[in-house]
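[1] What follows is a predicted structure for the sequence shown.
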Amino acid sequence: MLRYYIVDAFTDHPFGGNTAGVVLLENEEYPEDELMRQVAAELRYSETAFVRPLEATLWEIRYFTPLAEVELCGHATVATFALLYSLGRADGCCHVRTRAGELEVIAAPQVMMQMTPPRIVSYLNHEDAQEAYRAVGLATAWCPPIKPAIVTTGLPDVMLPMPSIEALNTLQPDMEAIAALTGRLGAVSIHPFAISTDEYTAHVRDFAPAYGVPEESATGTANAALTHYLAANGIIKCGNHSFLQGEAMGRPSVVETRLDADGGIRVGGTAAIVAEGRIFV
């Protein structure tokens, strides 16, 4: 039997943000990989976190989409530590061991997690950039002021500048084309964004169909990568930033990031616990 929770991350109320499954293990070993994937497929969320305690403030998490295991997931980590905080199992500075490395997480009403060192893997050449714009369904010709790039803070994602928030929210993505392109580029998702003049740094969307996630309403790792990309191109400076995601899905989510002077990035937000249950396996 597995004990699970449904948690909405990057929101302060149920039925908003990005939903993750969280399977809370105790001191037992992880189930078989295929069983964890099947549980993720049964729960049907973009990611399900399987978490177990190792020491008093050290936890281990593995993340599964309905199709495969991934090394790191921001919103599922926020969901997990918001849950652990609410259960009285974690408070303050903790560490989490993931396939992407060991990271620091602050368990509190607003969870903040350290990301792995950010890095621009490569800028897209003209042909790949145009293919990316066609794949997401941009209706007009567009020459971006900065080149699209593959950026990682634990997972590689394609940062894709858009001409406006309206253009972003009216995209008609071709999921087969996105899956083929991200597979060829070795990226998890395409992360189109539009710089805004409102209270947010940017409005964003995220498409990862190759991992069984056509669109996500909040993506911690990708917005951390976007923070690094914008800073590297002189668009933002050190400090706190916020990204609005999920508008086109009717699930607006606010992802907070903090860019430190040494280039380190933290990402986080609040979360709401929606349900709990048991899986008899």
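    It's in.

[2] Distance check, Leu25 against Ala82.
    The gap separating Leu25 from Ala82 is 17 Å, by Cβ to Cβ, to the nearest Å. In this view, the C-beta of every residue, glycine as well, is placed from N, C-alpha and C.

[3] Look at those two and report which has more neighbours.
    Shown here are Leu25 and Ala82; by other Cβ atoms under 10 Å, Ala82 has more neighbours (28 against 16).

[4] Pull the contacting residues for Gly17.
    Applying Cβ atoms under 8 Å, 6 or more residues apart in numbering to Gly17 gives the contacts 8-11, 75, 217-218, 246, 251, 253, 269, 271-272.

[5] again with Leu67
    Here Leu67 is in contact with 37, 41, 211-212 (Cβ under 8 Å, 6+ apart).

[6] ChimeraX command for the buried members of the residues you listed?
    In ChimeraX, this line selects whichever of the contacts of Leu67 come out buried by 16 or more other Cβ atoms under 10 Å:
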select :37,211,212
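
[7] from the contacts of Leu67, which ones fall inside helices?
    37, 41 (DSSP state H).

[8] With just CA atoms, put the helix or strand that contains Ile120 into CSV.
    Here Ile120 is covered by strand 119-123, with elements defined by DSSP states H and E. Extracted as CSV, the C-alpha positions of strand 119-123 are listed here (Å, rounded to 0.1, in the frame of the first residue of the first chain):
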residue,chain,number,x,y,z
ARG,A,119,24.2,26.9,-17.5
ILE,A,120,23.4,27.9,-21.1
VAL,A,121,24.0,24.7,-23.0
SER,A,122,23.9,26.3,-26.4
TYR,A,123,22.2,29.0,-28.5
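
[9] Give me the helices and strands touching that strand, please.
    strand 149-152, helix 220-232 (3 or more Cβ pairs under 8 Å, 6 or more residues apart in numbering; DSSP states H and E).

[10] mind running it again at 10 Å?
    Under the contact definition 3 or more Cβ pairs under 10 Å, 6 or more residues apart in numbering; DSSP states H and E, strand 119-123 sits against strand 149-152, strand 156-161, helix 220-232.

[11] Of these, which is nearest Gly183?
    Closest to Gly183 of these is strand 156-161 (Cβ to Cβ; 11.7 Å).

[12] how much does that closest one deviate in direction from helix 220-232?
    Interaxial angle, strand 156-161 versus helix 220-232 (axes from the mean of the first three to the mean of the last three Cα atoms, to 10 degrees): 50 degrees.

[13] Run me through the strand neighbours of strand 156-161, direction for each.
    strand 149-152 (antiparallel), strand 189-195 (parallel) (DSSP bridges).

[14] Following element in sequence after it, please.
    Next in sequence after strand 156-161, counting helices and strands by DSSP H and E, comes helix 165-169.

[15] and the next element down the chain from that following helix?
    Scanning forward in sequence from helix 165-169 by DSSP H and E, the next helix or strand is helix 175-185.

[16] Report the buried residues of that next one.
    By neighbour count on 16+ other Cβ under 10 Å, the buried set for helix 175-185 is 177-179, 181-182, 185.

[17] Could I get the full set of helices for the stretch 1-150 of the chain?
    Here the stretch 1-150 of the chain has its helices, by DSSP state H, counting those that start in this stretch, at 33-43, 74-86, 126-136.

[18] Which one of the ones you listed lies nearest to Phe50?
    helix 33-43 (5.6 Å).

[19] now the closest one, how far from the centre of its chain.
    Its chain's C-alpha centre and that of helix 33-43 lie 19 Å apart, by Cα atoms, centre = their mean, to the nearest Å.

[20] Output it as CSV, nothing but the C-alphas.
    Extracted C-alpha coordinates of helix 33-43, given in CSV (Å, rounded to 0.1, in the frame of the first residue of the first chain):
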residue,chain,number,x,y,z
ASP,A,33,10.7,1.7,-11.3
GLU,A,34,7.9,0.4,-13.5
LEU,A,35,5.5,0.5,-10.5
MET,A,36,6.4,4.1,-9.8
ARG,A,37,5.8,5.0,-13.4
GLN,A,38,2.5,3.2,-13.3
VAL,A,39,1.4,5.0,-10.2
ALA,A,40,2.3,8.3,-11.9
ALA,A,41,0.3,7.3,-15.0
GLU,A,42,-2.6,6.3,-12.7
LEU,A,43,-2.6,9.7,-10.9
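
[21] can you list contacts of it?
    Contact with helix 33-43 is made by 2, 4, 6, 19-23, 30-32, 46-50, 62-69, 212, 277, 279, 281, as judged by Cβ atoms under 10 Å, 6 or more residues apart in numbering.

[22] Noted, bye for now.
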